[in-house]
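# Structure of the sequence below:
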Amino acid sequence: MNTNNSKILFEEAKKSIPGGVNSPVRAFQSVKKDYPIFIKSANGSKLYDEDGNEYLDMIGSWGPMILGHNYPEVLEIVKEEIENGTSFGLPTKKEVILAELVKECFPSIKKLRLTTSGTEAAMAAVRVARAYTGKNKIIKFEGCYHGHSDSLLVKAGSGLLTFEHQDSNGITKSVTQDTITAPFGDIEKIKEILGNEKDVACVIVEPIPANMGLIETEKEFLQQLRELTAKENVVLIFDEVITGFRVTLGGAQKLYGITPDLTILGKIIGGGYPVGGFGGKEEIMNLISPVGNVYHAGTLSGNPVSVAAGIKTISILKENPKIYEALEKRTKEIVEKVEKLIEKYDVPASINYANSLFTIFFSKEKVENLEDAIKTSDDFYSIYFDVMLENGIIVPPSKYEAHFISYIHSDEDYNKYFSALEKVFQKIKK
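Numbering: from 1, shown residues only. Below is the predicted model:
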């Protein structure tokens, strides 16, 4: 496979962009590649690079492409909306329609504020939680990633882990002192923290973590977390940037029957276009300016193009519940097939999954938290990535990310994936 144009572009990119990429995981460094693949276009379940190579896409822009790329009905709406204008700096009718749609799907959200990204939504949600409780500290879980605002980068997942860091430079000691971390799933640790520390404003959690690889969640853990936070007057924030509208229409909170105080949503509410949002209890959300004095603003918050794409995407998902049934059935089939291949070739690997996302870990032991994920084999994952790429398949360029499938993936696509996976296991076995 010739990828010379990508190589040339990367050398050019390094002259003007730090590290040649605008998001660290894209550099392909953790999978031991000299340069990343530069994508030119996408359609359906496929990506196309600057050299004209076709790839089966197994990351779906990290989740939002649940209908695949350029789904015809969504694309048509976007084209129409662009002709109306791309940014007004003033409110639009469609922002109201999208907010009502989200509220219908997430009963815990009584009011919603749109943002331009999930990172921004998480930052603002923590700020309003502090204002509501009059307390300062936050609790987050090791390996959970909530964007790159200062207080949430302590022992975070995603790109930080990819580069063997759990914290970022440039964050002041005073900020890190207000962030308390705990191992994911360890309810006893949360009891201990809340028993000793009375200045905790909120607990923020990915209800199904997908930034240290996919970690399967026990419902009981989330239930106990809900009970503890309610008892201690601590705001419970569910970060559903990945799980919202991905695992089911109402996110992980619907899946597990748990009601958080605040919910963070990401680009899937814009059909993959740049948008985010946070919402929850009316008494909390009414603290936000211009109603209250918690400031949040953004010229591109509720961008009309993104909002229009989101309305159409969510409407399609809402009108076609069988999409979720089909994706869950397909993912279970993938897991069963992968497990059979692991057994056939006797390789040190395991698989975690939730509805339409999964992670293959190169370890025989079940991965249940950050410590487990770190111990998995980097070398074997690099082989996995390399063989997949050679066979025209893009999988996550980091062992700490999840695979995402779309409704548009075909039997032919999955057969291609399994055929390449056999080659991976054969190479590892040797």
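# Domains in the chain, by residue range?
4-70+321-429, 72-319 (automatic domain parsing).
# which one of the ones you listed is the most hemmed in?
With neighbours taken as mean count of other C-beta atoms under 10 Å, the domains of the chain reach their highest mean count in domain 72-319, at a mean of 20. (C-beta placed from N, C-alpha, C; glycine too.)
# what's the least confident stretch among the domains of the chain?
If you rank those by mean pLDDT, domain 72-319 sits at the bottom with a mean of 92.
# ends of that domain, how far apart?
With C-alpha to C-alpha, to the nearest Å as the measure, domain 72-319 spans 16 Å from end to end.
# Need the phi and psi values for Ile393.
phi -130, psi 130 (degrees, to the nearest 10).
# so it bridges to which residues?
Bridge pairing for Ile393 (DSSP bridges) gives the partners Leu56.
# So which elements touch the helix or strand where Ile139 lies?
Assigned by DSSP states H and E, Ile139 belongs to strand 137-141. If contacts are counted by 3 or more C-beta pairs under 8 Å, 6 or more residues apart in numbering; DSSP states H and E, strand 137-141 sits against helix 118-133, strand 179-182, strand 200-205.
# Mind giving me the packing neighbours of the shortest one?
So the one you mean is strand 179-182. Checking 3+ C-beta pairs under 8 Å, 6+ apart, strand 179-182 ends up next to strand 137-141, helix 187-196.
# neighbouring strands for the shortest one, and are they parallel or not?
The reference is to strand 137-141. With DSSP bridges as the test, strand 137-141 is paired with strand 179-182 (parallel), strand 200-205 (parallel).
# Of the ones you listed, which is nearest Leu114?
Set against Leu114 and scored by C-beta to C-beta, the strands paired with strand 137-141 come closest in strand 200-205, at 19.4 Å.
# angle of the following helix or strand past that closest one against strand 200-205?
On the C-terminal side of strand 200-205, the closest following helix or strand by DSSP H and E is helix 219-231. Put simply, helix 219-231 runs at 160 degrees to strand 200-205, going by axes from the mean of the first three to the mean of the last three C-alpha atoms, to 10 degrees.
# Reformat the strands paired with strand 137-141 as TSV; add distance to Val25.
Listed next are the strands paired with strand 137-141 as TSV, based on distance: least, C-beta to C-beta, whole Å:
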stretch	distance to Val25
strand 179-182	22
strand 200-205	21
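# Out of the ones you listed, the one nearest Lys135 is which?
strand 200-205 (4.0 Å).
# contacting residues around that closest one?
Defining contact as C-beta atoms under 8 Å, 6 or more residues apart in numbering, one finds that strand 200-205 is touched by 122, 125-126, 129-130, 132-141, 144, 146, 152, 180, 184, 190, 193-194, 222, 225, 229, 232, 234-239, 261-262.
# What distance do you get for Phe184 to Pro396?
In this view, Phe184 and Pro396 are 19 Å apart by C-beta to C-beta, to the nearest Å.
# ignore the last one, Gly277
Computed with C-beta to C-beta, the distance linking Gly277 and Pro396 is 25 Å.
# for Pro274, same thing?
Between Pro274 and Pro396 the computed distance is 21 Å (C-beta to C-beta).
# go on, Ala13?
21 Å.
# roughly how far out does stretch 242-255 sit from the chain middle?
Mean-position distance between stretch 242-255 and its chain equals 12 Å (C-alpha atoms, centre = their mean, to the nearest Å).
# How about stretch 21-34?
Taking mean C-alpha positions (C-alpha atoms, centre = their mean), stretch 21-34 and its chain are 18 Å apart.
# Check stretch 366-383 too.
19 Å.
# Would you mind pulling the contact partners of it?
So stretch 366-383 is in contact with 30-32, 142-143, 155, 157, 161, 183-186, 212-213, 215-216, 347-350, 352, 359, 361-363, 365, 399-400, 424, 427-428, going by C-beta under 8 Å, 6+ apart.
# give me that answer again for 6 Å
31-32, 142-143, 183-184, 212-213, 361-363, 399, 427-428 (C-beta atoms under 6 Å, 6 or more residues apart in numbering).
# May I have the distance across that stretch, first residue to last?
20 Å.
# Name the residues that touch stretch 264-278?
So stretch 264-278 is in contact with 61, 64-65, 74, 112-118, 120-122, 124-125, 239-241, 244-245, 306, 309-310, 313, going by C-beta under 6 Å, 6+ apart.
# scratch that, stretch 181-197 is what I was asking about
Stretch 181-197 is touched from outside by Lys140, Phe141, Glu142, Lys155, Ile180, Pro209, Phe221, Gln224, Glu232, Asn369, with contacts defined as C-beta under 6 Å, 6+ apart.
# Mind doing that once more with 8 Å?
Outside stretch 181-197, the residues that touch it by C-beta under 8 Å, 6+ apart are 137, 139-144, 154-155, 180, 200, 203, 205, 209, 212, 215, 217-218, 221, 224-225, 228-229, 232, 234, 368-371.
# One more: stretch 384-397?
If you take C-beta under 8 Å, 6+ apart as the criterion, stretch 384-397 is touched by 1, 25-28, 30-33, 36-37, 47, 53-59, 359-360, 362, 402-403, 416-417, 419-421, 423-424, 427-428.
# ok, the most centrally placed residue in the chain - contacts?
Among the residues of the chain, Ile242 comes closest to the average C-alpha position under C-alpha atoms, centre = their mean, at 3.4 Å. Residues counted as contacts of Ile242 (C-beta under 8 Å, 6+ apart) are Trp62, Gly63, Glu206, Ile208, Ala210, Asn211, Gly266, Leu357, Ala402.
# if you set the cut-off to 6 Å instead, what comes out?
Neighbour list for Ile242: Gly63, Ala210 [criterion: C-beta under 6 Å, 6+ apart].
# Which helix or strand contains it?
Ile242 belongs to no helix or strand when assigned by DSSP H and E.
# could you measure it against Gly251, distance?
Distance of Ile242 to Gly251, given as C-beta to C-beta: 9 Å.
# same thing with Ile383?
According to C-beta to C-beta, Ile383 and Gly251 sit 34 Å apart.
# And Gly280, by the same measure?
On the measure of C-beta to C-beta, Gly280 and Gly251 end up 13 Å apart.
# again, but for Ala354
11 Å.
# Repeat that for Lys79.
Applying C-beta to C-beta to Lys79 and Gly251 gives a distance of 29 Å.
# can you check Met212 too?
For Met212, the distance to Gly251 equals 19 Å [C-beta to C-beta].
# cool, and Tyr417?
Remark: distance between Tyr417 and Gly251 (C-beta to C-beta) = 27 Å.
# Same question for Lys219.
Lys219 is 14 Å from Gly251, where distance means C-beta to C-beta.
# ditto for Gly118
13 Å.
# Just the C-alphas of the strand holding Ile139, formatted as CSV.
C-alpha atoms of strand 137-141 as CSV (Å, rounded to 0.1, in the frame of the first residue of the first chain):
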residue,chain,number,x,y,z
LYS,A,137,-13.5,20.1,45.0
ILE,A,138,-14.4,17.5,42.4
ILE,A,139,-14.0,13.7,42.3
LYS,A,140,-13.1,12.0,39.0
PHE,A,141,-12.1,8.5,38.2
